[in-house]
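Visitor: sequence unavailable; structure follows:
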Ligand code: B3K
Ligand code: ZN
């Protein structure tokens with residue numbers, strides 16, 4: 001497959017002012033008639049032909065201006081039509097089989113209904129079309145089909161008309177807003193809606209619907225409330241108002257990702273719509289609020305202003321992730337949301353940035369764009385915009401975004417357009433900052449603090465590591481929020497923002513009789529790793545006293561990570577081990593005893609760094625060693641803090657179920673205490689967990705208890721797993737949890753369990769949620785995936801080969817787990833690499849998996 005390069009961008013030679021689509025719907029056969037009005041693009045070089053993209057389509061008929069076309073040919077999957085004049089009507093008929101579409105791109109069937117997914121290049125699986133984001137068109141869509149199969153017919157915009165014709169009926173929809181083909185959507189099926197309304201700040205009354213299958217209606221309240229909060233928040237925070245009379249959300253159970261922002265008709269994975277306390281965890285509730293917000297916010301950052309080409313993806317995704325993060329921060333506990341965001345960044349994006357798949361947030365080339373819906377484009381993209389906000393300040397940043405929305409409304413824009421608007425609107429200089437868009441890799445900042453007379457001197461240096469295709473990097477502006485704490489008073493006299501824009505620089509702060517304690521990268525103001533020369537005592541001090549919640553969390557994490565990294569490398573003397581453990585206990589005690597903390601935050605402070613995050617800090621890591629050290633520390637802490645943890649559990653257990661922050665915090669702590677207990681005394685922990693399971697009146701407690709139980713070989717484990725299955729049989733989203741819990745467990749026989757579960761009658765590779773529920777958590781299971789004999793790697797490689805012909809996009813998502821071989825000890829590295837080579841040698845690999853595997857072997 002050819003490589004597509006950003007620098008080759010050319011505007012399309014034709015405009016498509018209007019598009020008319022006529023669908024004669026059927027599960028096995030849908031006939032699509034597309035009528036495109038086209039005219040020459042005055043801003044592009046003239047061309048004697050128009051290229052209409054197709055993907056596996058068969059052309060039934062083609063007409064130009066009502067008659068024969070002057071000429072046409074197939075070029076690969078594309079249809080190329082010869083045209084002489086400046087203005088034409090092209091009519092294309094295609095026939096497709098939605099029932100056979102297992103890739104879930106284009107028009108497909110999902111448990112009896114029809115729906116679409118077109119981003120990035122799915123529209124070309126429906127009809128021939130210039131399927132690129134810079135061709136904007138106004139769509140009118142007519143759908144007809146049997147009333148009993150498809151009682152509900154939806155598309156973008158507003159319903160213009162409808163009618164009946166015996167057993168068949170039809171609806172016509174019109175979307176007044178010009179849009180690229182990737183935002184087209186259609187849904188036809190037997191659905192019911194929760195309806196509500198929202199009146200915008202300009203007084204427009206918008207009808208809101210959340211469409212689900214009959215029986216799921218009671219579980220849509222949280223989604224609807226989240227939608228209304230999103231609409232209000234975007235008005236209040238970014239001044240953005242909704243622009244149609246109708247907003248539809250549809251939940252489908254077969255979906256490649258979380259959700260899709262089609263204009264006026266968002267299509268969602270059921271996972272991000274359905275919730276009630278019995279079946280959804282607190283994490284699920286938060287996920288729904290975040291994703292509903294995210295897709296709604298795309299209406300401006302993505303739909304009203306879209307992307308010129310797919311290299312600009314972070315223009316809409318990075319910005320929209322930032323918007324959903326700010327929304328979630330405002331709706332819940334801001335510090336905890338920030339910590340969760342950083343955890344995702346470090347757990348997924350940092351490894352990506354230090355591995356063979358590293359790419360800038362605005363990539364320079366790709367073979368399959370689906371592979372670039374990455375944590376780098378999304379999460380690092382959000383961090384880059386957040387840094388602009390930090391440097392400009394909130395008000396100036398808002399002037400920048402106002403200017404951006406105003407200047408580019410109705411356009412297909414670039415990342416450069418965004419940066420320029422922020423620059424012009426806020427008045428800050430972002431010349432050098434643009435490097436964040438072109439350079440990959442996580443910068444490493446080294447920090448030294450010294451004392452000269454009454455001055456504290458902060459010396460910072462930065463290095464951006466080499467990444468594939470980018471050997472030499474330039475220094476980037478890195479905004480760091482810092483505070484200097486007085487050791488005696490335990491406080492500081494105000495925060496500073498320092499911007500490190502050279503390879504090395506010093507910053508002086510006067511008025512310190514003796515060396516202060518440094519708190520740096522507060523609020524995680526820059527997406528970098530910090531190497532600081534700081535004593536354990538100082539970390540213990542910050543873990544107890546830092547007034548920035550993120551920095552406090554960070555001190556706690558640092559203390560544990562440093563200890564576990566040294567221990568896993570085998571570099572820890574007995575004395576050093578004892579001293580290190582004692583420091584961690586001291587710091588944790590300051591957290592358990594601090595009455596001013598809320599429990600959600602306390603839970604963060606008491607959480608141990610993840611296996612992946614520790615491994616990330618080690619060259620040639622041995623996952624087995626890390627696992628043992630981490631569990632060992634957990635057991636030690638559990639016995640040292642036994643009384644404190646006991647007390648926390650008792651207190652938490654008394655709170656009745658509600659969605660309040662207090663009750664959520666209590667639930668988080670309960671399961672945390674259980675997992676500590678499991679490391680110390682598994683049998684006792686199994687009893688406690690079984691007790692929590694049996695008493696649970698909500699999914700958070702029940703799932704938390706079962707999570708702990710799945711790691712402990714016991715009668716309780718078997719009994720509760722069976723109970724859980726029987727209790728929720730038939731509820732797909734909960735059965736996904738049942739698979740996921742077992743696949744991610746700390747049980748020594750996790751590989752056997754996963755193999756057996758793959759044969760379970762409820763397991764299928766055809767449903768992405770189910771396929772992911774078993775195998776994604778497994779890639780994080782320390783002695784499952786990383787079994788020293790390579791069996792775990794082989795299991796995932798087999799999965800990729802089996803899934804690839806069914807659903808290439810989902811299959812390719814598993815490749816990065818095997819791309820980490822360079823970071824592992826030589827034995828595992830060789831086994832992992834061999835599996836990648838085996839996949840690469842497969843006779844018929846999709847473009848998706850091929851690109852990921854070859855880059856991973858690199
Ligand atoms: N924009 C979609 C992503 C679609 C990607 C398809 N491979 C979801 C989102 O980011 O909101
Ligand atoms: Zn998005």
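Guide: On my side now, so go ahead. None of the values given here were measured: they were computed from a predicted structure. Ligands and ions are numbered 1, 2, ... in the order given.

Visitor: all contacts plus neighbour counts: C-alpha atoms, from now on.
Guide: Fine.

Visitor: would you map the strands across the stretch 51-200 of the chain?
Guide: Secondary structure of the stretch 51-200 of the chain by DSSP state E, counting those that start in this stretch: the strands cover 59-64, 71-75, 78-82, 87-96, 106-110, 113-117, 137-146, 152-155, 158-165, 168-179, 186-189, 192-199.

Visitor: make TSV from those and add mean pLDDT, distance to residue 479 and mean neighbour count to it.
Guide: Output for the strands of the stretch 51-200 of the chain, formatted as TSV (pLDDT from 0 to 100; distance: least, Cα to Cα, whole Å; neighbours: other Cα atoms under 10 Å):
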stretch	mean pLDDT	distance to residue 479	mean neighbour count
strand 59-64	98	55	15
strand 71-75	98	50	13
strand 78-82	98	47	18
strand 87-96	98	52	19
strand 106-110	99	43	25
strand 113-117	99	39	25
strand 137-146	98	41	22
strand 152-155	98	44	24
strand 158-165	97	45	14
strand 168-179	98	37	20
strand 186-189	98	44	23
strand 192-199	99	39	16
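
Visitor: out of those, flag the one nearest residue 365.
Guide: strand 78-82 (21.1 Å; Cα to Cα).

Visitor: contacts made by that closest one with the rest, please.
Guide: 48-55, 69-74, 128 (Cα atoms under 8 Å, 6 or more residues apart in numbering).

Visitor: so which of those residues reach ligand 1?
Guide: Of the residues in the contacts of strand 78-82, proximity to ligand 1 by Cα under 6 Å from any ligand atom holds for none.

Visitor: between the residues you listed, which sits nearest residue 110?
Guide: residue 55 (20.5 Å).

Visitor: ok, the closest residue to that closest one other than its chain neighbours to residue 52 distance?
Guide: Computed as Cα to Cα, 6 or more residues apart in numbering, the closest residue to residue 55 that is not its neighbour in sequence is residue 125, at 5.0 Å. Distance from residue 125 to residue 52, counting by Cα to Cα, to the nearest Å: 11 Å.

Visitor: buried subset of the contacts of strand 78-82?
Guide: If you count burial by 16 or more other Cα atoms under 10 Å, the buried members of the contacts of strand 78-82 come out as 50, 51, 52, 53, 54, 55, 72, 128.

Visitor: which residues does the fourth one contact?
Guide: Counting by Cα under 8 Å, 6+ apart, residue 53 touches 77, 78, 79, 124, 128, 129, 130, 131.

Visitor: now do the contacts for the fifth one.
Guide: Taking Cα under 8 Å, 6+ apart as the criterion, residue 128 is in contact with 52, 53, 54, 57, 78, 79, 92.

Visitor: for the last one, which non-adjacent residue is closest in space?
Guide: Leaving aside its chain neighbours, residue 92 sits nearest to residue 62 (4.7 Å; criterion: Cα to Cα, 6+ apart).

Visitor: residues of the stretch 301-450 of the chain that sit close to ligand 1?
Guide: With the criterion set to Cα under 6 Å from any ligand atom, the stretch 301-450 of the chain comes near ligand 1 through 317, 370.

Visitor: who are the contact partners of whatever residue of the stretch 301-450 of the chain ends up closest to ligand 1?
Guide: Here the stretch 301-450 of the chain gets closest to ligand 1 at one residue, residue 370, 4.6 Å apart by Cα to the nearest ligand atom. Residue 370 makes contact with 120, 809, 848, according to Cα under 8 Å, 6+ apart.

Visitor: what of residue 569?
Guide: 618, 621.

Visitor: enumerate every residue touching the one residue in the stretch 201-350 of the chain that gets nearest to ligand 1.
Guide: Closest residue of the stretch 201-350 of the chain to ligand 1, Cα to the nearest ligand atom: residue 260 (4.5 Å). Contact analysis of residue 260 by Cα under 8 Å, 6+ apart lists 117, 119, 266, 267, 268, 295.

Visitor: if we use 7 Å, what do you get?
Guide: Contact analysis of residue 260 by Cα atoms under 7 Å, 6 or more residues apart in numbering lists 266, 267, 268, 295.

Visitor: hmm, back to that, so the residue of the stretch 301-450 of the chain closest to ligand 1 belongs to a helix, correct?
Guide: Yes: membership of residue 370 in a helix is supported by DSSP: H, G, I helix; E, B strand; the rest coil.

Visitor: I am finished for the moment; much appreciated.
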